[in-house]
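A.B. asks: This is a predicted model, with the sequence first.
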Amino acid sequence: MNAIIALSLFGITNLFLGFLNNRKILLPATLLFVLIAFGLNLADWNHEYYWFHNMLKTNNLSINFTSIILVATALVVAISRGFGNDEEHTHPAEYYGILLFSVVGAIMMVTFQSLFMLFVGIEILSVAMYVLTGSDKRNLRSNEAALKYFLMGSFATGIMLFGIALVYGATGSFDINGIGNMVNQAKLQDIMLNPYGPILYGGIILIFVGLLFKISAAPFHFWTPDVYDGAPSIFTAFMSTVVKTAGVAATYRLLSISFPAVYGLWGNPLVYITCLTLFIGNITAVYQQSFKRMLAYSSISHAGYLLITVLAKTPTTNSSILFYSLAYSIATISAFAVLMVVSEAQSKSGKPDESFTALNGLATNNPFLAFVLTVSMLSLAGIPLTAGFFGKFFIFADAFSNVSSLFKTIAVVAILMSTVGIYYYFKPIIAAYLKKGDLEKIELSPIYKLTLIITTALTILLGIAPDLVKNIF
Amino acid sequence: MNYQPSDYLPIIVQIGAALAFIVLTMVATHWLGPKRHSKAKDDVFECGIESVGNARTPISVKYFLVAILFVLFDVEIIFMYPWAVNFKTLGWDGFLEMIVFMSLLLAGFIYVLKKGVLDWEK
Amino acid sequence: MIQFVFIAFMVLTLASALVVLLTKNVLYAAFSLLGTFLGVSALYVLAGADFLAVAQILVYVGGVLVLLIFGVMLTNQQGNKSRGRNDITTESSNRVLGVFVMLGFSATLLYTFGRARFLTIQDSLFEAVEPTSTTQTIGVELMTNYVLPFEVSGVLLMAVLIGAAYLSTKTKN
């Protein structure tokens, strides 16, 4: 909660720091702000607080989610390089300021206790992302992505708001615990006898659709590839880590606290949605020529893996989601970090080249970057000795521990699809090591290099000793 | 404080009067005025100079920004309205809360002003 | 008496919404949206939500509609010069998918409201239920129980302000 207040103020501070005409101080200042927020967030550890008349609730789970969001934000800020030295066309003060505002929204999405806060949180996060997606104003694809994201996103938010209104009409409460109690009572009666049943069910379905849109689960994923592809890479990295984590956390929080009693209502469709998401994400990713677009489809498929454990609702679901989000976030950020420097070094007529061929021969002159890329790809594919392996392992273990035979089917689909994943995650590695290319040595700034070392080391460390963080979660 | 939907009748009457006035004057001018068509009369501007170019040229984006700012502060006013109704009940707490809310938007506004977004000559 | 008013405003709302949907002229669509907004706000009054009605008129009719018409004026309609109209031209209109989404959405809502058994708190549908002014309640609730969403929407509005200012300023090319 204190992190929310602090980050709102820091966002404003950042905007006004932009008037100092000193681009150099913005990056360290933003990093410092995120770290302060991280500290404030951890201060509530092992306490359970309700804030401002039950609007927000912080406990260890939400603090963990907030920590992952803040870590991912800090890493994204660290690889942003102050958005270059282009005085005319990039405005780092605005970017950092809006980024911090969007983190405020993300934190609200993982700590909400009232549906009000869920809605406002999603709105803040989405509005900030619409702007950042279109921040490259000279790039037509960035503009197109922003417009698509805005139109689709506001439509989805509208549907979700409608759902919230129906649920409120049926239960008379915005509080997720209060809704949970009412749903339990409604469950006891026959649906035909219960006067509120149909309205409640319709509302749950609509909220559910809105949330699935935000985490880009199939069949609500159509915006994802274009938006991820069109947005500037640094903001794509932010979207596919922070926004995804916050979305999954919000979905999980709402489904597990408010609607466990009507598991059949959202569980049965979610089985198909999960399988479809895994299938579409992985199969379509195989056919991509662009590394960035491949990462977009891979983010769809990772949403599918995360949904498995939301569905399985075993006691270990909390820690599985947290571990997977962390592993996925750090691997994705290092992949995007490599993509950003390489595509800029390979620009063709001013436009960064984001296809796989841009990575050709990366290992000859840039062994460090190639190694970072390899580790991140292996982690995303779920190869042992990387964090991604244990992320997937915990999720499949959750699926198999559930007694229902349905989960065995889902787990089998997921395992099949992750073998498909290995194929396309190896494409960049093969391009980097086996193909010939004439890529010069790329100079990295110290903070950039440090970030890559941290993400890679963390990926390997969590792959060898997952208990280090698994015990915290 | 109870109210009936019929309390809002004056608003309908006013809207009706406004619409009726417009319709009436438009019909009346068409009906009463003499019609003499000629090339000069049918020109867009009857002032001797031939009109040049398309009438549908897009306006500057600056007007749009002003409209966006207007909508934003319109929403702010909506938040202030129920607060103002209960000003005495809410007391200093409500006042401080409103100050916080206002200062957030004011910070944004000062930023926009300092940024020179509303500089018309630039 | 009141049911005729209700039905009149319902017809106004639906008819002008249909015009928005079916007309090809952007400006006509924007203006008939005015009718929809007015009709909806009148329905709010009849439903006893007076504050919402005021907000609807102030924000939507006063603000959003102006924004929309500015948007129409902003866009360059060189493509339709030959016909001299503000037509909306769509190159790809995937109507099949749109119809499917519409049918799914309508089916959900029809099922929801058709099956719901509303409690009757009054004998006749159009009998007045002594509506009380909601503005005072909303004001007190907004400043006490819901103070956090209130303040946070300040953050939201500020983010929108900055984003709009950033996106709509011209960059020198």
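C.D. replies: That came in fine, so what should we check first? Keep in mind that this is a model prediction, so the values were computed, not measured. Numbers count the residues shown, from 1 in each chain, chains lettered A, B, ... in the order given.

A.B. asks: OK, contacts around C:Ala165?
C.D. replies: B:Leu65, B:Tyr111, B:Val112, B:Lys115, B:Val117 (C-beta atoms under 8 Å, 6 or more residues apart in numbering or on different chains). Any C-beta I mention is one placed from the backbone N, CA and C, and that applies to glycine too.

A.B. asks: top of these by neighbour count?
C.D. replies: B:Tyr111 (22 neighbours; other C-beta atoms under 10 Å in any protein chain shown).

A.B. asks: Was I right to think it contacts A:Thr13?
C.D. replies: No: taking C-beta atoms under 8 Å as the definition, B:Tyr111 is not a contact partner of A:Thr13, at 11.0 Å.

A.B. asks: Leaving out sequence neighbours, find the closest residue to A:Asp438.
C.D. replies: If the residues on either side of it in the chain are set aside, A:Asp438 comes closest to A:Gly361, at 6.6 Å by C-beta to C-beta, 6 or more residues apart in numbering or on different chains.

A.B. asks: Compute the number of surrounding residues for that neighbour.
C.D. replies: A:Gly361: 18 surrounding residues under other C-beta under 10 Å.

A.B. asks: List, one by one, the residues from chain C near chain A.
C.D. replies: C:105, C:108-109, C:111-119, C:144-149, C:152-153, C:155-156, C:158-160, C:162-163, C:166-167, C:171-173 (C-beta under 8 Å from any C-beta of the partner chain).

A.B. asks: Give me the subset of these lying in strands.
C.D. replies: Residues of these located in strands (DSSP state E): none.

A.B. asks: ok so, going back, return the closest of the contacts of C:Ala165 with respect to chain A.
C.D. replies: Distances from chain A to these, taken as C-beta to the nearest C-beta, are shortest for B:Tyr111 (5.1 Å).

A.B. asks: average model confidence for the host helix or strand of the closest one?
C.D. replies: B:Tyr111 belongs to helix B:87-114 when assigned by DSSP states H and E. For helix B:87-114, mean pLDDT is 91.

A.B. asks: Mind listing what's buried along that helix?
C.D. replies: B:Leu90, B:Gly94, B:Glu97, B:Met98, B:Phe101, B:Leu104, B:Leu105, B:Ala107, B:Gly108, B:Phe109, B:Tyr111, B:Val112 (16 or more other C-beta atoms under 10 Å in any protein chain shown).

A.B. asks: In TSV, list these along with distance to chain A.
C.D. replies: Formatted as TSV, those follow (distance: C-beta to the nearest C-beta, whole Å):
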residue	distance to chain A
B:Leu90	15
B:Gly94	15
B:Glu97	11
B:Met98	16
B:Phe101	12
B:Leu104	8
B:Leu105	11
B:Ala107	5
B:Gly108	8
B:Phe109	12
B:Tyr111	5
B:Val112	10
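
A.B. asks: Smallest gap between chain C and chain B, at which residue?
C.D. replies: For chain C, C-beta to the nearest C-beta, closest residue to chain B: C:Gly139, 3.2 Å.

A.B. asks: What is the burial count for that residue?
C.D. replies: Using other C-beta under 10 Å, C:Gly139 is surrounded by 23 other residues.

A.B. asks: Enumerate every residue touching the most centrally placed residue in chain A.
C.D. replies: What sits nearest the mean C-alpha location of chain A, by C-alpha atoms, centre = their mean, is A:Lys244, with 2.2 Å. Contacts for A:Lys244 were tallied using C-beta under 8 Å, 6+ apart; they are A:Ile215, A:Ser216, A:Ser299, A:His302, A:Ala303, A:Leu306, A:Ser325, A:Tyr328.

A.B. asks: Looking at the residues you listed, which is nearest B:Val23?
C.D. replies: A:Ser216 (50.9 Å; C-beta to C-beta).

A.B. asks: Disregarding flanking residues, what is the spatial nearest neighbour of the closest one?
C.D. replies: In this structure, A:Ser216 finds its nearest non-sequential neighbour in A:Thr224, 4.2 Å apart by C-beta to C-beta, 6+ apart.

A.B. asks: Now for the one you found: which residues touch it?
C.D. replies: A:Ser216, A:Ala296, A:Tyr297, A:Ser299, A:Ile300.
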